[in-house]
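Asker: Build me a structure from this.
(chains A, B, C and D)
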2 protein chains.
Amino acid sequence: MTEMLSSEERPLRADARRNRQRILESAGAVFSESGSEAQIDDVARRAGVGVGTVYRHFPTKEALVAELVRQKFELFAARANEALELPGEPFTVLADMLRANAADLERDVVMQEMVAGLDDHIWTVVQPAQDEMLRAIQVLIDRAHRAGTMRPDATASDIGMLMCGLCATMAQTARDFDWRRHLDLMIEMLRGRPGPAQA
Amino acid sequence: MTEMLSSEERPLRADARRNRQRILESAGAVFSESGSEAQIDDVARRAGVGVGTVYRHFPTKEALVAELVRQKFELFAARANEALELPGEPFTVLADMLRANAADLERDVVMQEMVAGLDDHIWTVVQPAQDEMLRAIQVLIDRAHRAGTMRPDATASDIGMLMCGLCATMAQTARDFDWRRHLDLMIEMLRGRPGPAQA
DNA sequence: GACTATAGTGAACTGTGGTTCCGGTTGTCA
DNA sequence: TGACAACCGGAACCACAGTTCACTATAGTC
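Answerer: This is a model prediction of the structure:
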């Protein structure tokens, strides 16, 4: 009855573990460069394995993408939790984090696509990580509100929509949007009081 | 040499003109409901014509979508030009226009997709109409800036990115974003001075 | 070293949906 | 009304990309 172990318990064979890792790395590179239009064959070729091997580890292309997105959201969640320990003024800490996330997002096309337009199926996989991130962000926002350094009518949901919009803007190759300046403006607008430059 | 007329000069036969109109109407309905994932067959069926007829009028699916998007942008441009004649305070006029556009966008899935992530080819078709819209918006913004009712560091490009983000948010079925509240907040933040509610 | 469960391979398969094309139809004009 | 060009219909075509599977290779184990 030792085979009663659920699928994730059974240790992978050494080569399988190695390949799974390679596939994830290649997929990360390929999808972040070309977005979800990249093909499984590209991922397999780059990883130096056959397509069948990719499918041994991930049942569908969608599942592979979902895993990548989940990992990235976990990174964001970790970053948000670290931010909670940082000493600085809470709104500044939040703003810095937003900028750091944006810098990551800038070179990850598939994340731009997914954050801008996450479909239902991937969403279920990613939700836990995103929830954790939002929880930490909420704490930061509460602190900033209490400190009076952030508009009281801005919520965590607004931050989410902001990032959603930012990703859509980044993904725009056709129009020459300067999302960096836009993000700065957004952050400025979220501040409790406009700066002295207000003519 | 009368056939030297360029393709758009030659008057269409009555039935062709009728069908072209029907196709545009059906496509408008189908694509605004289902987005660009809707199929040509659906458009044809709804229009009561064969697929071949659709392809007689529009060389590719992309061209058909582009024409629909172009028409909508022309509507927006017209709306922006009308706004220039309106009597009220310029920032309020601008804000009202944004809300009106958003209301349109809300029930047009393909427009959400396109504004959020416009690909290069469709862009070339739509650009003139969008440029005209932006020109009018720029005038409104200038007036509002002069009146001091709008943040001086906000530009027409920010309005574009704002709408881009708003569309991305609307297109999100997985997450329960309240884009209406978000738009209100954005408008509030774009105002020259925060309201008296600023605790 | 031999045995076997696990893993890898990639050519072939498949479903989907845009596009074509030709036989039949219809508006237009003399 | 006859002739012809323009137009319509929709079955068939085709390309593409995700997925499968029969066969081979290999890691782990006795």
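
Asker: those helices in chain A, which residues are they?
Answerer: Chain-ordered helices for chain A, with DSSP state H as the definition, fall at A:14-34, A:40-47, A:51-57, A:61-85, A:90-106, A:109-116, A:120-147, A:156-171, A:179-190.

Asker: Which strands or helices does the first one pack on?
Answerer: Contact analysis of helix A:14-34 by 3 or more Cβ pairs under 8 Å, 6 or more residues apart in numbering or on different chains; DSSP states H and E lists helix A:40-47, helix A:51-57, helix A:61-85, helix A:109-116 as its packing neighbours. (C-beta placed from N, C-alpha, C; glycine too.)

Asker: same thing with the longest one?
Answerer: Under the contact definition 3+ Cβ pairs under 8 Å, 6+ apart, helix A:120-147 sits against helix A:61-85, helix A:90-106, helix A:156-171.

Asker: nearest to DNA strand D, of those helices?
Answerer: Each of these was scored for nearness to DNA strand D using Cβ to the nearest atom of the strand, and the closest is helix A:61-85 (3.7 Å).

Asker: got the buried residues for that closest one?
Answerer: Buried residues in helix A:61-85, counting neighbours by 16 or more other Cβ atoms under 10 Å in any protein chain shown, are found at A:61, A:64-70, A:72-74, A:76-77, A:80, A:83.

Asker: cool, and stretch A:133-148?
Answerer: Residues of stretch A:133-148 classed as buried: A:133, A:134, A:136, A:137, A:139, A:140, A:141, A:143, A:144, A:145 (neighbour count, 16+ other Cβ under 10 Å).

Asker: Need the max-distance pair from these.
Answerer: A:133 and A:145 (18.5 Å; Cβ to Cβ).

Asker: ok, residue A:47 - contacts?
Answerer: Residues touching residue A:47, when contacts are defined by Cβ atoms under 8 Å, 6 or more residues apart in numbering or on different chains, comprise A:19, A:22, A:23, A:25, A:26, A:27, A:53, A:54.

Asker: The residue in chain A that DNA strand C sits nearest to: what's it in contact with?
Answerer: Distance from DNA strand C to each residue of chain A (Cβ to the nearest atom of the strand) is smallest for residue A:52, at 1.8 Å. In this structure, residue A:52 makes contact with no residue, judged by Cβ under 8 Å, 6+ apart.

Asker: cool, and residue A:19?
Answerer: When contacts are counted by Cβ under 8 Å, 6+ apart, residue A:19 is found next to A:47, A:49, A:53, A:57.
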